[in-house]
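Peer 1: please find the sequence and the predicted model below.
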Amino acid sequence: MKLDLATFLLQWAAGGLAFLFFTTRRRELGIGYGWLLRSTFGLIAAGAAFAFASHESPSVGDRIATVASVLVVAAALVALWRSIATRSGGVTAFDPRWDAVAPALGILGLFGAAEIAGGGYGLALARLVIGALFLGAVSDAMLLGHWYLVQPGLRRNPLQDLVRVTGWIWPLEVAVLLIPTGMVSVINGTIDDSYNGLLGWVWIACAVFTIGLVWVTTIALKERYYSAVMSATGLLYLAILTAFGTDLIARAVLAP
């Protein structure tokens, strides 16, 4: 059982930056929100570049992913610089299309990472890309929930959209992890998880609890009181744990 740190970090950075663009395209959130996410996921992409470069006997896929990770960092820094340079004009002065470049480069990097992931290139790529979006959506939703403390007058629509998208991606995430050779083989004992099948049942619990928490969060956000946003943020904390468990447990167990 193993998990490639570099691939995971690139996934997370690409997904987080993708849903930053999904949110900033509305030009509703304060400038600081973009600064926070570009800095955070830029650092994660830098970690991915370092981890890929540290691989022994790097393959072509490693090299592609390394270069892509470096370019993600550069694109995030350029978008951050543009946002800072236009801050005097407010949030409407920043062109959100700058935020689309970094995640696009990150997804391209996953094409290289899929080459070393094993399990068949097409299936590996689908798992990496969908996993990136899944982890990015739930992470950004939690971070955005906290942002309401800074910008309490913000409409709930951006947060509701992120929660809704997380729910839409969930069945895709579960489906690609079940496709043979997938988690079904772990659950029925065909693949030994070294824990007598326990990790297969933990994975099922993580997947079920994730969609359950997303559903409860959706209901919470329908309440008109401001405290509902804070309650939703707390639920998203739990959803991050179960969502990451859904993706990472499967990736670790199924890794060649």
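Peer 2: Received it, and whenever you're ready, just let me know what you need.
Peer 1: lowest-pLDDT helix or strand in this protein?
Peer 2: Of the helices and strands making up the chain, the lowest-confidence element is helix 183-187, at a mean of 81, by mean pLDDT, DSSP states H and E.
Peer 1: list the buried residues in that helix.
Peer 2: Of the residues in helix 183-187, those with enough neighbours to count as buried (16 or more other CB atoms under 10 Å) are Met183, Ser185, Val186, Ile187. To be clear about C-beta, it is placed using only N, CA and C from the backbone, and glycine gets the same treatment.
Peer 1: and what of stretch 235-242?
Peer 2: The neighbour-count criterion (16+ other CB under 10 Å) identifies Leu235, Leu236, Leu238, Ala239, Ile240, Thr242 as the buried residues of stretch 235-242.
Peer 1: mind checking what secondary structure the second one has?
Peer 2: I take that to be Leu236. helix (DSSP: H, G, I helix; E, B strand; the rest coil).
Peer 1: would you confirm that it contacts Ser139?
Peer 2: No: counting by CB atoms under 8 Å, Leu236 stays clear of Ser139, with 9.0 Å between them.
Peer 1: tell me which element Asp193 is part of?
Peer 2: Assigned by DSSP states H and E, Asp193 belongs to neither a helix nor a strand.
Peer 1: how confident was the prediction at it?
Peer 2: At Asp193, the model reports a pLDDT of 71.
Peer 1: before we move on, what about Pro256?
Peer 2: Pro256 is assigned a pLDDT of 66 by the prediction.
Peer 1: mind starting the numbering at 46 from now?
Peer 2: Got it, the first residue is 46 from now on, which makes the last one we talked about Pro301.
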